[in-house]
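Engineer: fold the following for me, if possible:
(chains A and B)
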Amino acid sequence: MSEVRPATLAAGLPRVGEYFGKILPTLRWPVLFAGSETEGSLAAWFYRLDSWAWLLFETANMAALATLMGAGAALLLAFPAARNLGAGMLARQLARRGLEAMRTVPEIVFALILVWAFGVGPLAGILAIALHTAGTLGKLFAEAIENAGTGAWDGVRAAGGSWAQACRFAVLPQVAPNLLSYALLRFEINLRAASVIGFVGGGGIGEELYTVIAQNYYEEISAIVLLILLCVAAIDLLSERLRHRLIGAPR
Amino acid sequence: MLELRGLTRRFGTVVAVDAVSLAVPAGQMLGIIGRSGAGKSTLLRLVNRLVEPSAGQVLHDGVDVTALHGRALRGWRRDCAMVFQQFNLVQRLDVLTNALLGRLAYQHGLRRARVLLTGGFPAAERARALAMLNRFGLLAVALQRAETLSGGQQQRVALCRALLQAPRLILADEPIASLDPANARLVMQALREANRAEGISVLVNLHHLETARAYCDRIVAMQAGRVVFDGAPSELDAARLRAIYGLTEAELAAEAEAAAARPAMA
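Structural biologist: Sure, this is the predicted structure:
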């Protein structure tokens, strides 16, 4: 805390603005829609749109795959982790502590370890995000399960159903819309995470962003950030619609 | 023959079921009456081990049910089907699958794994369940979600689930307390029919003495976890009732009505 000095803050703040000023493109109205060869046109600003779009697509793929894998693992761990289903003490402790460990370690740390293990590329990024996703979603899933009523559970158990069968038939159908909604929300978050994870060699648009930041290609920074923003906003809108339809489904 | 020996269950300092000893011969229809909180529900849940006893034993044909674990316990639960006051269906599953849940314990090996993974049952089982639903006039709603059904329909689905277990014993916990008179009669008649035609023993908790008299071979009255009367319906006359509860039958019924109107935690 002692490092925070008002004087430093006052001196540094204008420089933040200065940076933003630097990365903004110099657009000129008369040639705004000219070809990419013309200085000051939109096409020149986004002169590498084709490769960026591809990288962005790769990032979205990473996020989707990581969300899928993470949600799958979370689903398996959430049932033993839920307090109300009477899983064995050992299984519950293992599941709960495991989920805690997975969500406490930041994605970027997982990514650093995994890049060292699997090499630079999307695989490390996907696994890192999937691990963190499993931790956070697992806790949310377990809480959703704990809020489900016990009536159906008793019904299946009293009919001679096993613990796994009761999870599958009594609990899963009741909580499925909730779980899907959580997973979709996580997909949005993971898209942001996948953009950043490229900084440490996790592949996707993040790697490109890191390169242009490191080499001070100012206009390209703003172009890429703008693209990521648009992409996140689009998925935000889409998944919000989907989630509302899931939760408020007409019966 | 089902035998309870000194069956006791304590919840903290409250003794819900207090040293109950009963012998129920196979094929008997036994009505259990008592005010709410008398321990009727806990007694039934002790029999199929949804609640573990604090002391005492449950024996069925000489087998100590209270000592069963794992697969053997599931086998016992399959053999003694349970019908609940609140039906305990899976609300978001369709009626057919709800009925098929009574067949879960019959799926073994690879088929069991497939049922678990896909959630779908083999064709023969579905046909069997549909025949049962048809018997209870539920064929038309077989593919609807359980939550779209009325209480009476839901209890009939629960009965289908119970009968599909091919049980030797049915435990019915206030099965008609949440139903209108017509559905109540239908459910009681179905229990009676299962008892008469298939020789299934039935233990049914009731709060109307009148219903117990109409359908049961034998009546057990409970008060504060203890059995205070055990005999033929004809023996439980007004004088006997007053001696046990200090109430007339009408007063007892009115009290039970009021208790049933509240969301049940009997």
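
Engineer: would you mind listing the buried residues in the helix or strand containing A:Leu229?
Structural biologist: When elements are assigned from DSSP states H and E, A:Leu229 belongs to helix A:218-247. Of the residues in helix A:218-247, those buried under the neighbour-count criterion (16 or more other CB atoms under 10 Å in any protein chain shown) are A:218-225, A:227-228, A:231-232, A:235, A:239, A:243, A:246. Yep, even glycine has a C-beta here, placed from its N, CA and C like the rest.

Engineer: and which of those residues is nearest chain B?
Structural biologist: Within the buried residues of helix A:218-247, the smallest distance to chain B is 12.4 Å, found for A:Leu246 (CB to the nearest CB).

Engineer: is it true that the closest one touches A:Tyr182?
Structural biologist: No. Contact between A:Leu246 and A:Tyr182 fails when scored by CB atoms under 8 Å: they sit 10.2 Å apart.

Engineer: show the average pLDDT along the helix holding A:Leu229.
Structural biologist: The predicted model gives helix A:218-247 an average pLDDT of 84.

Engineer: cool, stretch B:60-80 as well?
Structural biologist: Averaging the model's pLDDT scores along stretch B:60-80 yields 90.

Engineer: how long is it from one end to the other?
Structural biologist: The first residue of stretch B:60-80 is 10 Å away from its last residue (CA to CA, to the nearest Å).

Engineer: hmm, who's touching that stretch?
Structural biologist: The set of residues external to stretch B:60-80 that reach it, using CB atoms under 8 Å, 6 or more residues apart in numbering or on different chains, is A:157-162, B:1-3, B:47-49, B:53, B:56-59, B:105-106, B:165, B:167-171.

Engineer: so which of those are in strands?
Structural biologist: Residues from these lying in strands, with DSSP state E as the criterion: B:2-3, B:56-59, B:169-171.

Engineer: so which bits of the stretch 1-150 of chain B are right by chain A?
Structural biologist: When proximity is defined by CB under 8 Å from any CB of the partner chain, the stretch 1-150 of chain B lies next to chain A at B:48, B:50, B:74-79, B:81-82, B:84, B:86-93, B:97, B:101-102, B:104-105, B:115-116, B:119, B:145, B:147-148.

Engineer: show the buried residues in the ones in strands among the contacts of stretch B:60-80.
Structural biologist: Among the ones in strands among the contacts of stretch B:60-80, those that count as buried by neighbour count (16+ other CB under 10 Å) are B:2-3, B:56, B:58-59, B:169-171.

Engineer: closest one of those residues to chain A?
Structural biologist: Within the set of those, B:Leu171 lies nearest chain A; the separation is 8.1 Å, counting by CB to the nearest CB.

Engineer: ok, the closest one touching B:Asn48?
Structural biologist: Yes. Shown here, B:Leu171 and B:Asn48 form a contact pair, counting by CB under 8 Å, at 6.0 Å.

Engineer: overlap in contacts of these two?
Structural biologist: When contacts are counted by CB under 8 Å, 6+ apart, B:Leu171 and B:Asn48 are jointly contacted by B:80, B:82.

Engineer: those residues of chain A touching chain B, which are they?
Structural biologist: A:151-152, A:154-162, A:164-165, A:168-170, A:173-174, A:176, A:251.

Engineer: go again with 6 Å.
Structural biologist: A:151-152, A:154-156, A:158-161, A:165, A:168-170, A:173-174 (CB under 6 Å from any CB of the partner chain).

Engineer: report the closest residue of the stretch 101-250 of chain B relative to chain A.
Structural biologist: Residue of the stretch 101-250 of chain B nearest chain A, by CB to the nearest CB: B:Ala105 (3.2 Å).

Engineer: that residue: what's it in contact with?
Structural biologist: Residues in contact with B:Ala105, defined by CB atoms under 6 Å, 6 or more residues apart in numbering or on different chains, are A:160, B:74, B:78.

Engineer: CSV for those residues, including neighbour count and distance to B:Val228?
Structural biologist: Written out in CSV, the entries for these read as follows (neighbours: other CB atoms under 10 Å in any protein chain shown; distance: CB to CB, whole Å):
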residue, neighbour count, distance to B:Val228
A:Gly160, 26, 33
B:Arg74, 20, 34
B:Arg78, 22, 33
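
Engineer: am I right that B:Val228 falls within a strand?
Structural biologist: Yes. Secondary structure assignment (DSSP: H, G, I helix; E, B strand; the rest coil) places B:Val228 inside a strand.

Engineer: count the neighbours of the closest residue to A:Leu140 other than its chain neighbours for me.
Structural biologist: Nearest-residue entry for A:Leu140: A:Tyr182, 4.9 Å, with adjacent residues in sequence omitted and distances by CB to CB, 6 or more residues apart in numbering or on different chains. Each residue near A:Tyr182 was counted by other CB atoms under 10 Å in any protein chain shown, and the total is 20.

Engineer: what helix or strand is A:Tyr182 on?
Structural biologist: Assessed by DSSP H and E, A:Tyr182 sits inside helix A:172-197.

Engineer: now the strands: where do they sit in the stretch 101-250 of chain B?
Structural biologist: Using DSSP state E, counting those that start in this stretch, the strands found in the stretch 101-250 of chain B span residues B:169-172, B:201-206, B:218-223, B:226-231.

Engineer: format these as TSV; extra columns: distance to B:Val24 and mean pLDDT.
Structural biologist: Formatted as TSV, those follow (distance: least, CB to CB, whole Å; pLDDT from 0 to 100):
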stretch	distance to B:Val24	mean pLDDT
strand B:169-172	8	94
strand B:201-206	6	92
strand B:218-223	8	90
strand B:226-231	11	88
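
Engineer: any chance of these in JSON lines with distance to B:Ala26 as columns?
Structural biologist: Rendered in JSON lines, the data for these read as follows (distance: least, CB to CB, whole Å):
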{"stretch": "strand B:169-172", "distance to B:Ala26": "8"}
{"stretch": "strand B:201-206", "distance to B:Ala26": "6"}
{"stretch": "strand B:218-223", "distance to B:Ala26": "13"}
{"stretch": "strand B:226-231", "distance to B:Ala26": "18"}
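
Engineer: pull up the pairing partners for whichever strand or helix holds B:Ser21, direction included.
Structural biologist: If you go by DSSP H and E, B:Ser21 is part of strand B:14-24. Note on strand B:14-24: by DSSP bridges, its sheet partners are strand B:2-11 (antiparallel).

Engineer: identify each buried residue in the strand it pairs with, please.
Structural biologist: Of the residues in strand B:2-11, those buried by neighbour count under the rule 16+ other CB under 10 Å are B:2-5, B:7-9.
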